[in-house]
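Trainee: got a predicted structure here, sequence first:
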Amino acid sequence: MPHHTFTLNGKQVSVDTEDNVRLLWVLRDLLGVTGPKYGCGLNVCKACTSHINGKAFNPCSVPVSDIKAGDEITTIEGLADDSGQLHPMQEAWLEHDVAQCGYCQPGQIMAAVAKVKAAKAEGRELTDADFDDIRNICRCGTYFRIREAIKSAEAKM
Amino acid sequence: MDDQRRSPRLERRKFLGYLIAAPTLAVAARIGIDAADPETASAAIPSPPEPADLLDLGDALSLAAAPTSGLIAMQLNRDSSVSFALPRAEVGQGITTTFAMLIADEMDLPLNKVHVTLADARPELIFNQLTGGSNSVRSMYHPVRAASAIARARLLATAAGQWGVPASGLTVHNGVISSKSGHSASYGSLAEAAASSRTEQATAQPKAESAFTIVGTPQNRVDAHDAVTGKKQFTMDLQVPNALPAMVCRPPTINGTVKSVQNLAQVKAMPGITDVAVISSGVAVRGRTITHCMDAVRALKVTWGGGSVDAESDATVLKKLKAATLPMAVPPVLTASIDAEFSFAFASNSALETNCAVADVRPGSAEIWAGLKSPITAQEQIAALLGLPVTAVKVHVMQGGGSFGRKLFADAALEAAEFSKKIGKPVKLMWHRTDDFRHGRAHPMSLSRVRVNYALGNVISYEQRHTSVTTDFGHGLGEILTAVAAKLPVGDIGFSQTVFELSQAMPYNFGVTTQLLNEVPLKFHTGSMRNVYSPNVVCARELVIDQLAGTMGQDPLAFRRSFFKDDRFRAVLDKVAEVGQWGRKMPAGMAQGIGFHSEYKSCSAVLVEIDCRPQTVNRKVRDGVTGPRITKAVMAVDAGLPINPRGLEAQMIGCINDGIGLALTESLHIDKGLPLEGSWDNFFYTRQWNTPPDTRIIVMPATGEPGGAGELGVSSSLAAVACAYGRATGKMPTSFPINHGTLSFEPLPRVPSIPDSPVDGLSYVS
């Protein structure tokens, strides 16, 4: 059985499983990390959005064998700092009471953090066009509060 | 009219409840209306002719609840917190927060001292554990307050007794009781002393609504922190020992059957797969991870028998609906008239969390975990399926990742139970997204015909004939209505007609008004979808009203105002007109539209602005549909007593996005017995690129007791978008969603039943 090692939320983890098992199920079914959610398994709904080396990706569509030993995977569980201080995006989410059922929210928050970081790296602020570019489904339809929360967090990141 | 719309005034009346024998203070109250004042203990059933104006679906549900003697109970803990197991489902609508607020306010406790959990299925509640019809707050507002008031009064009496002072001189702040003479005690320190050694009746008088300090103020969800940190636990997040992931290989048409499996042994021998078995709905597999299960499902070679609707496609269903439409009663020859016909495609109520359940079936017992809005029905069905007594089946209600009607049914729980029994092992069964669209419940296709006769500035008659593929009420709603059907002013009619009559109020004075439903019983998997009939019925009505206003040379807003039956209706419409600047000049290809809906003793008006200009309609989004864009949405909502305005606002934002999807983009295409949609890039629920960047919700001040709200705003939003589209393009739309005629995606294959997960995820890192 192939052996896979990588960094998950700051800690080194290893798991023995077939190469093609998608990272989402390595996280959820083998490692018990359930923050990233399943909404399609097709890299469409983005409910599983997490970070690889600080950038957004969707583990439902990545075979575990694609993850290198040096890769740092961050899920929603690893977004707050070590002392438990929430990330400004999570704080903004609370401030705007964004979540309804909450199922898509880990993915929404992780996507939003990467979005703001990418814009800041380009030295610019997010625009309506950037918000329109977010693909994450929220079936409760809290899209407007998502936009408002990202704007709040952007100012504090 | 206005007075008749309100429930009887129950404020400041003493309510019956119970002190329950328990180690710490425990109190209970009966669901429904259980006032101590006998002359008002029974709610009056009003008389015809307009059932929904007087007694709506929510009233019927509340009445059904009254005689079944279900008690809701809460307990005070030694740390001054209160625990309440709510016999309802939380699927995102915010009722755990709402009830925590009611209890905290009544008991003078901080909100974070109230812990609301979801009760297991409790068969003794019978009709009282159904979450639907926007009825949760309406049916439990009084009992929850009564129980809280009894607890508070008992605590005060206990403190007064210990201190030898009159209870009337005591005050409570944040769960601490104080006397004028300097005594002080927390609720928790009195939890045991206040406990009752036997169960007995008690009465208490809840606070006056004017004394509320938490109710009516905007509060964040009580589970918000868990939601943003990934701690909120849904069914598939459970770690039940040995409950390995499971999936089902499903047929190429709805309700297709397994004739034979060619390679069952080989699939069972695949790496990581522990079990493969034929169940009622297909071939179930259990494996180490979901990837293992998906690979097994895709590897199965199954010979399938026919399904229940193999000959049906969109066109054949529509033809059957047209043929089944009931005739109009008033001939169009008497006066000037408008005749219109509207069709509404199938739409999936798919929540983002697909159907899923954990089942652990042992000899003689079973334990089930799932998001369920009708857990007693689920428990009964599972017990029957397994051949067990109902009491041997324990059903835990999990937090749901959305519902929109879907979780009224226990489809995954039944499958999980069947599979677990067959293999003698626990399973954590999940539907693939593709299955959820293709084999999951959907709101059925419907056709609405409207005829209006008018003369001399007046509407003489309004007739609407709504025809729908049968909506499945097998989750128990029908059962409830059976119980009250005999009492209803609508007489002895079927369940669907009862629901229709109870939900379709006519808010306008349009002379002779008849609204009738007929159903075509095709064997699709159907269900409610954030309301049953109203969105489509109301959309058709509001479009005709725009036509009527135009024909009669009136402004659509002024026309509605002049025909409204109730000042509350005028108030919400006036509010959106003011905030949304009704009538402001728009460029060609853009327009405003308004829609109105009243139901559940609540009402809402929506004003939207739509951009139908080519540069907007033809904008490109990878694998998405764009089309007309709603650039602005304004909604005013009157929910009687808005308990949590912030939560209500959230629900209304969701309703707007649902309405936009139903009007413009969101549908299932039925083709030879199966929906073609298999992904969120096929089923176009509103996305960020469709949502209005400018959204404003106005919560109207309290006008009475709490009305229903969770579904309220979908109808008015759908209607407003449809009306705006008609005004922007100069042509009234008659087929919904407007893009349904174009298939905007390449359908996934039917066999294998699910697509493989991509392997190129790292090329989309951003």
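Mentor: Alright, I've got the coordinates.
Trainee: only C-alpha atoms from now on, for both contacts and neighbour counts.
Mentor: Noted.
Trainee: would you map the helices across chain A?
Mentor: Counting by DSSP state H, the segments of chain A that form helices are A:23-25, A:88-95, A:105-121, A:128-132, A:143-156.
Trainee: hang on, B:Ile382 in a helix?
Mentor: Yes - with DSSP: H, G, I helix; E, B strand; the rest coil as the criterion, B:Ile382 is assigned to a helix.
Trainee: so the residue nearest to it when sequence neighbours are not counted, which of the three states?
Mentor: Nearest non-adjacent residue to B:Ile382, counting by CA to CA, 6 or more residues apart in numbering or on different chains: B:Leu414, 5.9 Å away. Following three-state DSSP, B:Leu414 is assigned to helix.
Trainee: distance-wise, check B:Leu414 relative to B:Thr289.
Mentor: From B:Leu414 across to B:Thr289, the span is 21 Å (CA to CA, to the nearest Å).
Trainee: show me what the helix or strand containing B:Leu543 is packed up against.
Mentor: In the assignment (DSSP states H and E), B:Leu543 maps to helix B:534-551. If you count contacts as 3 or more CA pairs under 8 Å, 6 or more residues apart in numbering or on different chains; DSSP states H and E, helix B:534-551 packs onto strand B:336-344, strand B:446-455, helix B:556-563, strand B:590-599, helix B:712-729.
Trainee: and for residue 99, the neighbour number?
Mentor: Picking chain A for this. Neighbour count of A:Ala99, defined by other CA atoms under 10 Å in any protein chain shown: 30.
Trainee: please refer instead to chain B.
Mentor: The number of residues near B:Phe99, taken as other CA under 10 Å, comes to 25.
Trainee: can you give me every residue that contacts it?
Mentor: Residues in contact with B:Phe99, defined by CA atoms under 8 Å, 6 or more residues apart in numbering or on different chains, are B:116, B:137, B:144.
Trainee: could you do B:Gly550 as well?
Mentor: B:Pro556 are the contacts of B:Gly550 under CA under 8 Å, 6+ apart.
Trainee: can you check B:Val532 too?
Mentor: B:443, B:471.
Trainee: in terms of helices and strands, where is the residue in chain B that chain A sits nearest to?
Mentor: Per CA to the nearest CA, B:Gly92 is where chain B lies closest to chain A, at 3.3 Å. In the assignment (DSSP H and E), B:Gly92 maps to no helix and no strand.
Trainee: just the helices and strands packed on helix B:534-551: most buried one?
Mentor: helix B:712-729 (a mean of 29; mean count of other CA atoms under 10 Å in any protein chain shown).
Trainee: helices or strands up against that helix?
Mentor: For helix B:712-729, the packing partners by 3+ CA pairs under 8 Å, 6+ apart are helix B:534-551, strand B:590-599, strand B:602-611, helix B:645-664.
Trainee: can you redo the ones you listed as TSV with mean pLDDT?
Mentor: Below are the helices and strands packed on helix B:712-729 laid out as TSV (pLDDT from 0 to 100):
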stretch	mean pLDDT
helix B:534-551	97
strand B:590-599	97
strand B:602-611	97
helix B:645-664	98
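Trainee: test my guess that B:Lys575 contacts B:Ala636.
Mentor: Yes - between B:Lys575 and B:Ala636 a contact is recorded at 6.4 Å, counting by CA atoms under 8 Å.
Trainee: more neighbours, the two?
Mentor: B:Ala636 (27 against 21).
Trainee: leaving out chain neighbours, which residue sits closest to the residue of chain A found nearest chain B?
Mentor: Nearest residue of chain A to chain B, counting by CA to the nearest CA: A:Cys101, 3.3 Å away. Counting by CA to CA, 6+ apart, B:Gly92 is the residue found nearest to A:Cys101 once chain neighbours are left out, at 3.3 Å.
Trainee: and what of B:Gly400?
Mentor: B:Val91 (4.3 Å).
Trainee: how far does whichever strand or helix holds B:His292 sit from its chain's centre?
Mentor: B:His292 is part of helix B:290-299, with elements assigned from DSSP H and E. Chain-centre distance of helix B:290-299: 33 Å, with CA atoms, centre = their mean, to the nearest Å.
Trainee: average model confidence for it?
Mentor: In this model, helix B:290-299 has a mean pLDDT of 98.
Trainee: for the nearest residue to B:Met635 once chain neighbours are set aside, what are its contacts?
Mentor: Spatial nearest neighbour of B:Met635, chain neighbours left out: B:Val606 (4.4 Å); criterion: CA to CA, 6+ apart. Applying CA under 8 Å, 6+ apart, we find B:Val606 in contact with B:573, B:576, B:594-596, B:633-636, B:716-717, B:720.
Trainee: make it 7 Å
Mentor: B:576, B:594-596, B:634-636, B:716-717, B:720 (CA atoms under 7 Å, 6 or more residues apart in numbering or on different chains).
Trainee: out of the residues you listed, flag the one nearest to B:Ala277.
Mentor: Taking CA to CA as the measure, B:Ala277 lies nearest B:Ser717 of those, at 45.5 Å.
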